[in-house]
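S.K.: only geometry, no sequence info:
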């Protein structure tokens, strides 16, 4: 597997710019880099050392990620192309990037279906988990599936024959459809040609065949296979010459002009209604579909050949993830684990009073955060609770505790980010629920998504008020806390508490820029604070002193930060970047970035924590943050970077998130100067080390 991004030749020379560090050859394209992350995810599915059903799950994740990539990144690029926007630091025009996306995505799609058809499906079959192809059904299975089609599927279908009275229907984003080629005449004497059969959302995409019918406890078929097999029953008296699955992906980026609306919640609800029918960006279609039909579909969706992907299998392959949930086979999955629970969780205010608490999810349980909020909701000494919510999940216990706190007479303020992508509807719903309970709901700041993760509790203790805070790198989402790596800090430090208080005042009111003592805040001081600390290491190295930077994040593309890192490298600063996904910085360029190493960790859990570490002349400066080093996070969002002031907790993060991850030689991929990621493997004389496995081992001993 390669992930090359060779649109420009490596060069350390200026390209007509006064600053040689602006040379486009020094920057990978963000979209192409993000797309390549999915090859690393797919590699997990291809790894025979992984449990079989986990490999299936990784395959589905790579498919789902690709869907979202087209919905957001490709959709945004097409919009930029329409507007004639200027290329980014890599100097690639949107049209060029879209063309290269097609070529690279086609490689990924081919690899995904090879993995499914040639590797995972046969291996699952051998393990007794069978996803049966149409040509493998026996007569008993066929009879049962035909009855299932007639009883459960056919009554909710509305086939549409295409003719002047029945134009091409609207096709919902990512919905399963069958285009049917017909011959003959119907009851009205109309000649058959083409028809569209849309699968309603109410139908399960994976159907389990009863064991007494199939003979196996875990036998499944795709709904798409059932539709294609029995579609002739929808057109009695006509001959079905062919039936071909297709799926269209549409731009899902909502564009609400916040300056022009009186109520962002109402405007967003209106936008959500039409989201499923926005501009098409991709067409997936069965590989054997005749070219005239492909061209007809492309014309209908206003797409060109660069947007079509011919599929060797079900167009909705990611739906096979349901098999993972339906099959109770612990031997084919990761061993379960019980997150570590800190001492004193039953009396959180006393526990925090003894010193700061650090949580490293999912190895540490999310329960202390839930308990802190629950105890605050019930404690008569608690006067006020303030919280940001970006993603909280369905039936969130966080929302329930905030509702309870309001009912108990606390002053509760919640900053709800309505524009959290793909969670807009859920956030609107729980915002309504909070308001109904008497919570003061604020929708953040116009033009800036509120992505900071903050909880503030004001409690009366004797004759004074004391502030307790939780700050995190991840969302207040109990489900994600089981599968994402994140850090959370719970503290009663007065300076940190006052900073959080000031930020909440700023978000809920119309406060001017504020001066913070401990925290860095985007869009005001976080970007400048990161640049200042990089420059400080640069000056230290130029003075002949040891200098070092280590940063862990999800993505990196902010040009000023990249140039600052290049300058630091040139000065001799050793820099290690642990970047899960997109990285536009090109490491290993002689004279520019030869002191920079970039690695990506892909393992059992989704790497999500953000940590910035600066050597600072022997007195390390350590921050955890809600922000990646992306333009949007540093300049166009409300984000928070918070210092780890307790030396023991700072050392713990240094050990667990820095030294541990830099030692990983099992799940680490190292970015090369040509854009390729090379997977690290333990050398003959080296002990295999997986960072996530090492952290799991700690909680199991």
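M.R.: Alright, I've got the coordinates. Bear in mind the structure is a predicted one, so any value in this text is a computation, not a measurement.

S.K.: so how far is the host helix or strand of residue 466 from its chain's centroid?
M.R.: According to DSSP states H and E, residue 466 maps onto strand 464-472. Centroid separation for strand 464-472 versus its chain: 30 Å, with Cα atoms, centre = their mean, to the nearest Å.

S.K.: and stretch 682-699, how far apart are its ends?
M.R.: 24 Å (Cα to Cα, to the nearest Å).

S.K.: Give the buried residues for that stretch.
M.R.: 689-692, 694-696, 699 (16 or more other Cβ atoms under 10 Å). Backbone N, C-alpha and C define where each C-beta goes, glycine included.

S.K.: Beyond the strand holding residue 466, next helix or strand please.
M.R.: Next along the chain after strand 464-472, taking DSSP H and E as the criterion, comes strand 484-491.

S.K.: quick one: buried residues of the lengthiest strand in the chain?
M.R.: Longest strand of the chain, by residue count under DSSP state E: strand 239-250. By neighbour count on 16+ other Cβ under 10 Å, the buried set for strand 239-250 is 240, 242-250.

S.K.: rewinding a little: among the buried residues of stretch 682-699, which one has the lowest pLDDT?
M.R.: Taken together, the buried residues of stretch 682-699 show their lowest pLDDT at residue 699, with 87.

S.K.: I'd like the distance between the nearest residue to that residue once chain neighbours are set aside and residue 624.
M.R.: In this structure, residue 699 finds its nearest non-sequential neighbour in residue 340, 4.3 Å apart by Cβ to Cβ, 6 or more residues apart in numbering. Between residue 340 and residue 624 the computed distance is 18 Å (Cβ to Cβ, to the nearest Å).

S.K.: Check residue 618 too.
M.R.: As judged by Cβ to Cβ, residue 618 and residue 624 stand 21 Å apart.

S.K.: More neighbours: these two, which one.
M.R.: Applying other Cβ atoms under 10 Å to residue 618 and residue 624 shows that residue 624 carries more neighbours, namely 27 against 8.

S.K.: so the more buried one makes contact with residue 473?
M.R.: Yes: here residue 624 reaches residue 473: they are 5.4 Å apart, a contact under Cβ atoms under 8 Å.

S.K.: Common neighbours of those two, please.
M.R.: With contacts defined as Cβ atoms under 8 Å, 6 or more residues apart in numbering, the residues shared by residue 624 and residue 473 are 487, 609-611.

S.K.: Tell me which two in the residues you listed are the farthest apart.
M.R.: Farthest-apart pair in those is 487 and 610; separation 8.2 Å (Cβ to Cβ).

S.K.: Tell me the residues that contact both of those two, please.
M.R.: Counting by Cβ under 8 Å, 6+ apart, the contacts common to residue 487 and residue 610 are 473, 624.

S.K.: that older thread, which strands or helices does the strand holding residue 466 pack on?
M.R.: Contacts defined by 3 or more Cβ pairs under 8 Å, 6 or more residues apart in numbering; DSSP states H and E place strand 464-472 against helix 367-378, strand 454-461, strand 484-491, helix 494-508.

S.K.: Kindly indicate which of the buried residues of stretch 682-699 lies nearest residue 531.
M.R.: Distances from residue 531 to the buried residues of stretch 682-699, taken by Cβ to Cβ, are shortest for residue 691, at 28.3 Å.

S.K.: roughly how far apart are the nearest residue to residue 234 once chain neighbours are set aside and residue 148?
M.R.: Nearest non-adjacent residue to residue 234, counting by Cβ to Cβ, 6+ apart: residue 159, 4.6 Å away. The gap separating residue 159 from residue 148 is 18 Å, by Cβ to Cβ.

S.K.: So for residue 421, what's the pLDDT?
M.R.: With respect to pLDDT, residue 421 scores 68.

S.K.: for residue 90, that is, sorry about that
M.R.: On the pLDDT scale, residue 90 is placed at 94.

S.K.: How about the contacts made by residue 492?
M.R.: Here residue 492 is in contact with 352-353, 356, 466-469 (Cβ under 8 Å, 6+ apart).

S.K.: switch to 6 Å and redo it
M.R.: 352, 468 (Cβ atoms under 6 Å, 6 or more residues apart in numbering).
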